[in-house]
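Participant: Could you look at this predicted model? Sequence included:
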Amino acid sequence: MFTIKVAWSFIKGFRKMHSLGPCVAVFGSARFKETSNDYLKAVEIGEALANLGFTVMTGGGPGIMEAANKGAFQAGGISVGCNIILPEEQAPNPYLHKQITIPYFFVRKVMLIKYSYAFIVMPGGLGTLDEFFESLLLIQTKMINRFPVVLFGKKYHKDLITHIIMMHENKNIDEADIQNLLITDSVEEMTEYLKEHSIIKYKLIKSYNKPKWWVGGRF
């Protein structure tokens, strides 16, 4: 039964998301309020990503996820979410053109990573760190291409940055493992970095493929 539920979750996700153009996944906490600086920064990030031609993909919930979706939505870009079923129900935020609700975190991570050409990591908790290191690990092991990873919030992540440096100094990670990691507080710096290391490097163009009826896709 478990195998069937997992397989069906993947099938539903692929059917729903197959028509997306190049995406950027934005990770961050669901706990930030609309008045917080991090929420407002995430709105700015979502808008900047939409203006670059990316589809903005998040976990679909509140907080940072809502803010990034909101920025893209209001900028006229495409905004999508991969929501998760939790004991205390996490409702999809209202700034989504397309969303799917998934019962398993590992299926959700596949959806977020599969369609993305960059990963933006905002302040968050355990789930955000899981998504951050999952992205770096998949790049390290060549399971996905060397897409840019942007760690946003130098002050918030200062101890994490120190730990990453320590891992490198102890030769537990290589220079290549963090070459594509940008640590910044600047949306402008992020924008230029993505232009060079994602759009130009992978020859991306803004696109939206019309959903194919035979996989049940609808926008």
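Facilitator: Nice, thanks for sending it over.
Participant: what residues are up against Tyr117?
Facilitator: 22-24, 54, 147, 198, 202, 204 (C-beta atoms under 8 Å, 6 or more residues apart in numbering). No exception for glycine: its C-beta is placed from N, CA and C like everyone else's.
Participant: can you pick the most crowded of those?
Facilitator: When neighbours are counted by other C-beta atoms under 10 Å, Val24 leads the contacts of Tyr117 with 29 neighbours.
Participant: Quickly run through the sheet partners of whatever helix or strand that one lives in, with directions.
Facilitator: Using DSSP states H and E, the element containing Val24 is strand 23-27. Sheet pairing of strand 23-27 (DSSP bridges) gives strand 55-58 (parallel), strand 116-121 (parallel).
Participant: just those strands: most buried one?
Facilitator: Highest mean neighbour count of the strands paired with strand 23-27: strand 55-58, a mean of 31 (counted as mean count of other C-beta atoms under 10 Å).
Participant: Identify all contacting residues around that strand.
Facilitator: Under C-beta under 8 Å, 6+ apart, the answer for strand 55-58 is 20-28, 46, 49-50, 64-66, 68-69, 71-72, 77-82, 112, 115-116, 208.
Participant: I'd assumed Ala72 was in contact with Gly53.
Facilitator: No - using C-beta atoms under 8 Å, Gly53 makes no contact with Ala72, being 11.0 Å away.
Participant: Which one of these two is surrounded by more residues?
Facilitator: Taking other C-beta under 10 Å, Gly53 and Ala72 do not tie; Ala72 has more neighbours (31 against 15).
Participant: Quick check, central residue of the chain?
Facilitator: The chain has Ala25 as the residue nearest its centroid, 1.7 Å off, counting by C-alpha atoms, centre = their mean.
Participant: Report the separation between that residue and His18.
Facilitator: Distance, Ala25 to His18, using C-beta to C-beta, to the nearest Å: 16 Å.
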